[in-house]
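Visitor: My questions concern the predicted model and sequence given below.
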Amino acid sequence: MKSNITRFSLYFGLLLILISQSLVAQNLTDYVIVDNSAPNQSLLQEQYVNNPQVFFNESQKPALYVFNQMLMGKTVNNLVIYVQTQPGVLNYGGGSITSSNIDDYAEVLNDWSSIVKGSIIIHSTDVFNGQEGALLKSKLEALTGCTVEMSKSVQPFSN
């Protein structure tokens, strides 16, 4: 009898763990941020019209500060960022982020480690190319604690 109660308690505990993990997984969703510097603004606005998980940055404040404000209180699976890029450079409407100045944004980027549970995906084909691009990628990953990728073919909300 005592063995059955112990076994039941163990099974019940495991069931509670699985249910809680499932609930957390269900609350994760992708978010998309489109900076005002991103190419194809009108196309993106049509594609993501009325989607509450897509934020269009129209602010003149520093982009990463605005992104942080948009994400606060959210539980993010993958964060997809549309921004103008070139090898080793993220060109936001209010400036650029490179491997040389990224440490200036360390506090903001570190906040993302508690918000983003999946990957940060920069919509680009060139941002992590070359030595400067590789350095930018490694610094982004170190500061955010997330896997950081570049992709033009990513489909947010597909998982």
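Guide: Looks like it arrived, so ask away.

Visitor: For stretch 93-110, buried residues please.
Guide: Gly93, Gly94, Ser96, Ile97, Thr98, Ser99, Ile102, Tyr105, Val108, Leu109 (16 or more other CB atoms under 10 Å). Any C-beta I mention is one placed from the backbone N, CA and C, and that applies to glycine too.

Visitor: do stretch 125-138 as well
Guide: Neighbour count says stretch 125-138 has Val127, Phe128, Asn129, Glu132, Gly133, Leu135, Leu136, Lys137 buried, by 16+ other CB under 10 Å.

Visitor: do you know how far the residue nearest the centre of the chain is from Gln45?
Guide: For the chain, the residue nearest the mean C-alpha position is Leu79 (2.4 Å; CA atoms, centre = their mean). Distance from Leu79 to Gln45, counting by CB to CB, to the nearest Å: 19 Å.

Visitor: Thr98 is in contact with Leu136, isn't it?
Guide: Yes. Applying CB atoms under 8 Å, one finds Thr98 in contact with Leu136, separated by 6.4 Å.

Visitor: what touches both of those two?
Guide: Common neighbours of Thr98 and Leu136 are listed as Gly88, Val89, Leu90 (criterion: CB atoms under 8 Å, 6 or more residues apart in numbering).

Visitor: ok, so of those, who is nearest Phe56?
Guide: Nearest to Phe56 out of those is Leu90 (CB to CB; 16.9 Å).

Visitor: hang on, that closest one in a strand?
Guide: Yes. Counting by DSSP: H, G, I helix; E, B strand; the rest coil, Leu90 is located in a strand.

Visitor: Contact partners for it?
Guide: The contact partners of Leu90, by CB under 8 Å, 6+ apart, come to Val83, Gln84, Ser96, Ile97, Thr98, Ile122, Val127, Leu136.

Visitor: and the first one, how many neighbours?
Guide: When you say that, I think you mean Val83. The burial count assigned to Val83 is 25, neighbours taken as other CB atoms under 10 Å.
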